[in-house]
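Undergrad: model this:
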Amino acid sequence: MNQVTAQEVQQHLLELLADLSPGEELQIVAGKKVIGRLIAEKDSLRLPRHPGSAIGSLTIVAEDDDYLKDFKALPGPG
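TA: Down below sits the predicted model:
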């Protein structure tokens with residue numbers, strides 16, 4: 001586990017972040033006390049979403065009003 005001072009972080013933050021491997025931790029110290037940690041995010045396992053990728057996977061039947069009968073007994077607004 002690597003350690004750097006708060007002053008080093010202020011001066012070289014972008015370089016320190018660029019050098020971290022996914023999941024690697026960098027401790028920030030002031031004196032002998034750990035005051036913070038930088039942890040590089042692990043790579044996402046999920047593929048990015050694309051607009052329109054779900055076209056055709058949902059069907060809405062406008063004539064199917066039977067499910068609304070269950071809600072008629074509930075009090076309405078006002």
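
Undergrad: so which strand or helix has Leu17?
TA: helix 6-19 (DSSP states H and E).

Undergrad: partner strands of the helix or strand following that helix, with direction?
TA: Using DSSP H and E, the helix or strand that follows helix 6-19 in sequence is strand 25-30. The strands beside strand 25-30 in its sheet (DSSP bridges) come out as strand 2-5 (parallel), strand 33-39 (antiparallel).

Undergrad: flag every buried residue along the first one.
TA: So the one you mean is strand 2-5. Val4 (16 or more other Cβ atoms under 10 Å). All C-beta spots, glycine's among them, are computed from the backbone N, C-alpha and C.

Undergrad: which residues does it contact?
TA: 16, 24-30, 34 (Cβ atoms under 8 Å, 6 or more residues apart in numbering).

Undergrad: what's the farthest-apart pair in those?
TA: Glu24 and Ala30 (21.0 Å; Cβ to Cβ).

Undergrad: tell me the bridge partners for Glu25.
TA: If you apply DSSP bridges, the partners that Glu25 bridges to are Ile39.

Undergrad: now for it, how many residues are close by?
TA: Using other Cβ atoms under 10 Å, Glu25 is surrounded by 13 other residues.

Undergrad: next up, the contacts around it.
TA: Glu25 sits next to 1-2, 37-40 when contact means Cβ under 8 Å, 6+ apart.
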